[in-house]
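In: Fold the following.
(chains A and B)
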There are 2 protein chains.
Amino acid sequence: MAPVRNGRVLFNELPSGIPQPGKATVYDGSQTIDPDTVPLNGSFLVKTLVLSIDPFMVGKMRPKIPGVALPTYTIGEPVEDYGVGVVLRSENPAFKPGDHVYGEHAGTYPFAEYVIVRDPAQYKVLENKENLPWSAYVGTLGMPGQTAYYGWKEHSRAKKGDVVFVSGGSGPVGSLVIQLAKMDGCKVIASAGSDEKVAFIKRIGADVAFNYKTANTVDVLKKEGGIDIYWDNIGGATLEAALDGAKFGATFIECGMISNFTNPQQGAIKNLFTMIPKQISMHGFVIGFLAAKYEEEFYRVMPELVASGKIQYAEEVTHGLEPVGEALLAVLTGANKAKVVIEVAKE
Amino acid sequence: MAPVRNGRVLFNELPSGIPQPGKATVYDGSQTIDPDTVPLNGSFLVKTLVLSIDPFMVGKMRPKIPGVALPTYTIGEPVEDYGVGVVLRSENPAFKPGDHVYGEHAGTYPFAEYVIVRDPAQYKVLENKENLPWSAYVGTLGMPGQTAYYGWKEHSRAKKGDVVFVSGGSGPVGSLVIQLAKMDGCKVIASAGSDEKVAFIKRIGADVAFNYKTANTVDVLKKEGGIDIYWDNIGGATLEAALDGAKFGATFIECGMISNFTNPQQGAIKNLFTMIPKQISMHGFVIGFLAAKYEEEFYRVMPELVASGKIQYAEEVTHGLEPVGEALLAVLTGANKAKVVIEVAKE
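Out: Have a look, this model is predicted:
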């Protein structure tokens, strides 16, 4: 096989504010690779099939924060997130040609058509005996799904009848939280930023779904009588509304504060004091450190639930690496319609 | 016995900002009472000995917040907090003349020389077999001590060697937290607002004590290598510093945010997002709802620890009800030297 293009999406410059396509990230089609002869040095070569676009990618586009475990991107190198690829050649006995692998821990799958894996410990062979689309394995069966599953199991202490509020309810994390909460017998209130997303939220079982751009979150929570559990994907004014609308003894699961990325000046929380008289517990979490406890259960339980239709998901597929910058922008501004997946290649 | 004066401290008007003596509260010496003949209607009459001054009294000087359990004061009626008195007459068999009683739940002991108790369920007979000063029972053996004890036992999950940061470390809550943390084998960093208070904090065992007005909290926490547990009495910029200085997986016990009372515009927390990548859990709490779990243990364990000198405390005694407004102002601005107690009468 002659050398082929190895298209990549490179981190180009530190963004100020929302990362813009062509500035924070650029597509580079200049590199070539010969899959048959490229030296593997004991590792394995993967052809990328699907990549995930996740809001927290922007969190890696900044100087390292001391004491914070999140890695950062290197300028001139490919951006990274979660992805699935197929092994073409291997010098590592744990990964065989034809295996489908998920680049999982800390989201270090490089945005490139071909990847010689640097650290096999970051990769997992996917069994997929249900024969689900590989894209599911970067969404409801990948990091976003694990985020929802691990966070909910670890922190919600949900009881039947609890009232749960999920912000960002149409995303891959929020939509699974809604369905897990319904399975636990909770009443679910969920918000999203468009009527189309609200319709999806209703379809997957939310009892109350609203468009936060046209309805007032505080009023909705008040009308529903307050919340026992808040799953926060948004932060900012939505978190303030949840503090106002929380019942005594409420649990807050702090999964993301995406509004901080797009409106940093709005990120300050003015009514945090409320957590004292209301005796609220808030739990920040990242999945990496919960994986040891829940990963085996997740891959045992979830694919079957998806295959049987008991857990539903939605995705918006974009083709090729060129539009990655635009896809990230859409996810950060909420212009996407569902979980954004990049299809880089079919098998 | 002829009628005697029943001096009282009345709530006079809603304060804007820090409540000022003579405005938010006024002393009223016009009421009289005849202890021998005043009708008890099945209740009991108490002569007040000591009253506590606590920062959160200001929290009751505002319109009721929907959904929040804290009571509010009524204009023209006595302010309330915690107090100890001696029963003079009783028509309630559970309270006998000569009994010393502690007005405990939710701090509803009225600031008056004589009190006909409205709700006996809010009062507890104190045994005091160690013959400790009654003032201790509104401090380290009263609500502040219970706050420290219950909050620490419920939420700290302290392990030997954990690094604990206590803000407001010289107060009746903070100083007991420091000593409980030391008993659990922790390293304790504590802050206060004067060199005299810092000296007290060192005396009771803090490993690192600093004056937050002359040392930078972020720098101190960085120098000590980060914190595992933060006991927050202050909120605002101190909470932000603790978020910056927290280790991965830290626990924050949110006991008070006194800076919100005095500088509401500084109360917004700008770096709360940090709790997600650092996987921080934050627990707001009020003691009322933990009493059922810990009160028996508290009164069994603590008086002995105080009597033996294993737990130390400091207090600043003010005499009579007239200076109550000034005493509250001192507590809110940090001008006090130690836990402020009002001695209303000796036996």
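
In: For chain B, see how far away the residue lying closest to A:Val125 once chain neighbours are set aside is.
Out: Spatial nearest neighbour of A:Val125, chain neighbours left out: A:Asp99 (4.9 Å); criterion: CB to CB, 6 or more residues apart in numbering or on different chains. From N, CA and C alone the C-beta is placed, and that goes for glycine too. Going from A:Asp99 to chain B by CB to the nearest CB, to the nearest Å gives 32 Å.

In: where does A:Asp99 land on pLDDT?
Out: pLDDT for A:Asp99: 98.

In: burial count for it?
Out: If you count neighbours by other CB atoms under 10 Å in any protein chain shown, A:Asp99 ends up with 17.

In: Now do the same contact list for it.
Out: Listed by CB atoms under 8 Å, 6 or more residues apart in numbering or on different chains, the contact partners of A:Asp99 are A:86-87, A:90, A:125.

In: Using neighbour counts, trim the residues you listed to the buried set.
Out: For the contacts of A:Asp99, a neighbour count by 16 or more other CB atoms under 10 Å in any protein chain shown gives the buried set as A:86-87, A:90.

In: check those against chain B, which are close?
Out: When contact is defined as CB under 8 Å from any CB of the partner chain, the buried ones among the contacts of A:Asp99 do not meet chain B at all.

In: Which of those residues fall in strands?
Out: A:86-87, A:90 (DSSP state E).

In: burial count for the residue nearest to A:Glu80 when sequence neighbours are not counted?
Out: Spatially, and ignoring its direct neighbours in sequence, A:Glu80 is nearest to A:Thr108 (4.8 Å; CB to CB, 6+ apart). The number of residues packed near A:Thr108 is 18, by other CB under 10 Å.

In: Which residue ranges of the stretch 1-150 of chain A form helices?
Out: A:143-155 (DSSP state H, counting those that start in this stretch).

In: circling back to that earlier point, and which of the contacts of A:Asp99 is nearest chain B?
Out: Nearest to chain B among the contacts of A:Asp99: A:Val125, at 28.0 Å, using CB to the nearest CB.

In: Quick one: residues contacting that closest one.
Out: A:94-95, A:99-102.

In: wait, which of these is closest to chain B?
Out: Among the contacts of A:Val125, and counting by CB to the nearest CB, the member closest to chain B is A:Tyr102, at 22.1 Å.

In: what residues does the stretch 151-300 of chain A put near chain B?
Out: Residues of the stretch 151-300 of chain A that fall close to chain B, judged by CB under 8 Å from any CB: A:226, A:235, A:239, A:244, A:246-249, A:254-257, A:260, A:267-270, A:272-286, A:289.

In: Pull out the buried residues from those.
Out: A:226, A:235, A:239, A:244, A:246-247, A:254-257, A:260, A:267-269, A:272-286.

In: Now A:Asn57. Nearest residue, chain neighbours left out?
Out: Quick fix: residue A:57 reads Met, not Asn. Nearest to A:Met57 is A:Asp81, by CB to CB, 6+ apart, at 5.6 Å.

In: what about the one you found, neighbour count?
Out: Neighbour tally, A:Asp81, other CB under 10 Å: 25.

In: Just to check, A:Asn233 is in contact with A:Ile258?
Out: Yes. At 6.1 Å, A:Asn233 counts as touching A:Ile258 under the criterion of CB atoms under 8 Å.

In: what do those two both touch?
Out: With CB under 8 Å, 6+ apart as the test, A:Asn233 and A:Ile258 both reach A:Gly168.

In: ok, back up a step: could you tell me which of the residues of the stretch 151-300 of chain A next to chain B are located in strands?
Out: A:246-249, A:254, A:281-284.

In: quick one on the thing from earlier: got TSV for the ones in strands among the buried ones among the contacts of A:Asp99, with pLDDT too?
Out: Formatted as TSV, those follow (pLDDT from 0 to 100):
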residue	pLDDT
A:Val86	98
A:Val87	98
A:Ser90	98
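
In: beta partners for the residue nearest to A:Met57?
Out: A:Tyr109 (DSSP bridges).

In: Tell me the spacing between it and A:Thr48.
Out: As judged by CB to CB, to the nearest Å, A:Asp81 and A:Thr48 stand 11 Å apart.

In: what is in contact with the two at once?
Out: A:Tyr109.

In: any idea which element A:Trp231 lies in?
Out: strand A:227-232 (DSSP states H and E).

In: That strand - what's its average pLDDT?
Out: 98.

In: Check which helices and strands that strand sits against.
Out: With contacts taken as 3 or more CB pairs under 8 Å, 6 or more residues apart in numbering or on different chains; DSSP states H and E, strand A:227-232 sits against strand A:163-166, helix A:172-183, helix A:236-245, strand A:246-254.

In: Which residue ranges make up each domain of chain A?
Out: Following the TED database, chain A resolves into domains at A:4-139+A:313-343, A:143-288.

In: right, so those: which one is the most enclosed?
Out: Of all those, domain A:143-288 has the most neighbours on average by mean count of other CB atoms under 10 Å in any protein chain shown, namely a mean of 21.

In: ok, the closest residue to A:Gly161 other than its chain neighbours to chain B distance?
Out: Nearest non-adjacent residue to A:Gly161, counting by CB to CB, 6+ apart: A:Gly185, 6.5 Å away. Applying CB to the nearest CB, the value for A:Gly185 to chain B is 24 Å.
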